[in-house]
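1. got a predicted model here, sequence first, then my questions.
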Amino acid sequence: MNNEIQVSIPGKIVISGEYAVLDGAPAIVSTLKQKVNITIQKSDKNHNIYTTSVLQGVFPFTMDDDANVLWLEADPGVFGLLLQHAFKILKPKLKENLWIAVDSSEFFRTTKDGTAIKLGIGSSAAVSVGITQALSQYQAIRSSPENLLSQANSIHQGLQGKQGSGIDVTCCFADQGVIECTKDSVKNHTWSILNWPNGLHLKALTTSQYGSTNRLVANYQRASNLYPKEFNSALDQFLEITQSLSHAWKSEDVDLIIDLLRAYDVHIKKLDKIGGIGIYTQVHADIQNIASTHNVFYKPSGAGGGDIGLAFSSSLDALSDFSDAIGTDAWNIGCLD
């Protein structure tokens, strides 16, 4: 085993294809400069130790013969669930006690009253990938990239109740900037690297609202069962739009890219209204209305329901005016301008 392992895994945004990717449509996703940092080293205690930047304190634990994590004192709650799923999937063969430190502070924003709010840029996906890679490296296990990705997806699926597409895990794992990703099954994802189109400008904005991917995906699937005609019709449109968007992206047709993103958004909002999914909060709607008066297109990123949104324009001046218009509620994640 190695003495100390450190890994850094980027966050992500979903540019297009959210929800439709669940049914095989291609999605365009991108990594961000924000990263989760995970350190694993030997513990000098007679037990393992877990720390996370989200919570104060240390959380000692042991592991039984079935790789169940047993918290010895305080239970870190939801922030410990991912570690528990990781140990169950990876079943590490530990010859010594570990100190596992997860720093995801760059994935949270602190409000004026000191509350930490997640940005919605894939912290759980990044930690799933990071824990998988770090434990594999610490134990000097040789594993194929395909197997590591499959394990990370299984950990994340366990955390999310087997909801979601897994494209966020794939994006964080690939760490190749902008990629086009297709989900064939839970454990089978293919991707190709894309260039950022010349002349397409983007700002990512936080809404300071919590969005639950689990709840929203469950709402989407429930609504699709209640309204199969409407959802099947929309899926046909999604497939056509995402395929056209793929071609427009590769040919750097910026105006067409924005038009297709708008067209996709029209269908998402229609399904959101029919099924009561909760993708578009009032804040998202308000920001989109402001954006439309500045020649900017705005949409929620990923599952929606809060978290972050993306503002697109072919004009940097238009984006700047839009940012001024929404004032302090805008927070430029700023890696793709």
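-> Nice, I can see it.
2. which parts of the stretch 151-300 of the chain are helices?
-> 167-174, 213-226, 228-250, 254-275, 282-292 (DSSP state H, counting those that start in this stretch).
3. just name the most buried of these.
-> Mean neighbour counts were taken over those using mean count of other C-beta atoms under 10 Å, and the top value, a mean of 28, falls to helix 167-174. Glycine gets a C-beta too; all of them are placed from N, C-alpha and C.
4. returning to that earlier point: of all the helices of the stretch 151-300 of the chain, which lies closest to residue 78?
-> helix 213-226 (11.0 Å; C-beta to C-beta).
5. can you list contacts of that closest one?
-> 19, 22, 160-161, 163-164, 231, 271, 274-279, 302-305 (C-beta atoms under 8 Å, 6 or more residues apart in numbering).
6. from the chain's centroid, how far away is it?
-> Here the centre of helix 213-226 is set off from its chain's centre by 18 Å, with C-alpha atoms, centre = their mean, to the nearest Å.
7. number the residues from 51 up from this point.
-> With the count now opening at 51, the last piece we talked about shows up as helix 263-276.
8. point to the residue nearest the middle of the protein.
-> residue 172 (2.8 Å; C-alpha atoms, centre = their mean).
9. which residue sits farthest out from the middle of this protein?
-> residue 96 (35.4 Å).
10. do you know how far residue 80 is from residue 171?
-> 10 Å (C-beta to C-beta, to the nearest Å).
11. okay, and the common contacts of the two?
-> What both residue 80 and residue 171 touch, as defined by C-beta under 8 Å, 6+ apart, is the set 62, 63.
12. hmm, back to that, is it true that the residue nearest to the centre of the chain touches residue 223?
-> No - look at residue 172 against residue 223 with C-beta atoms under 8 Å: they stay out of range, at 10.9 Å.
13. ok, which stretches of the chain are strands?
-> 54-66, 77-92, 98-102, 109-113, 119-121, 148-153, 158-160, 166-168, 228-235, 238-243, 251-256, 347-350, 358-363 (DSSP state E).
14. pLDDT of the fourth one, averaged?
-> This points to strand 109-113. The average pLDDT within strand 109-113 is 93.
15. how about stretch 367-386?
-> On average, stretch 367-386 scores 66.
16. and for stretch 348-364?
-> 86.
17. same thing with stretch 157-167?
-> The model assigns stretch 157-167 a mean pLDDT of 75.
18. now the end-to-end length of stretch 101-118.
-> 18 Å (C-alpha to C-alpha, to the nearest Å).
19. hmm, who's touching that stretch?
-> Contacts for stretch 101-118 (C-beta under 8 Å, 6+ apart): 95, 97-100, 119-126, 129-130, 134, 137-138, 140-142, 144, 149-155, 158, 166.
20. stretch 137-148 too?
-> 51, 90-93, 95-99, 113, 117-119, 181-182, 185-186, 188-189, 201, 204-205, 208.
21. could you list the buried residues of that stretch?
-> 137, 138, 139, 140, 142, 147, 148 (16 or more other C-beta atoms under 10 Å).
22. and the pLDDT at the first one?
-> Right, the one you point to is residue 137. 92.
23. what about the strands of the chain, which gets the closest to residue 309?
-> strand 347-350 (8.8 Å).
24. which parts of stretch 365-372 are buried?
-> Quick answer for stretch 365-372 (16+ other C-beta under 10 Å): 368, 369, 372.
25. and the helix or strand bottoming out on mean pLDDT in the chain, what does it pack against?
-> Taking mean pLDDT, DSSP states H and E as the measure, the chain has strand 166-168 as its least confident helix or strand, at a mean of 75. The elements that strand 166-168 packs onto, with contact taken as 3 or more C-beta pairs under 8 Å, 6 or more residues apart in numbering; DSSP states H and E, are strand 158-160.
26. and the strand it packs on, what does it pack onto?
-> Here strand 158-160 touches strand 166-168, going by 3+ C-beta pairs under 8 Å, 6+ apart.
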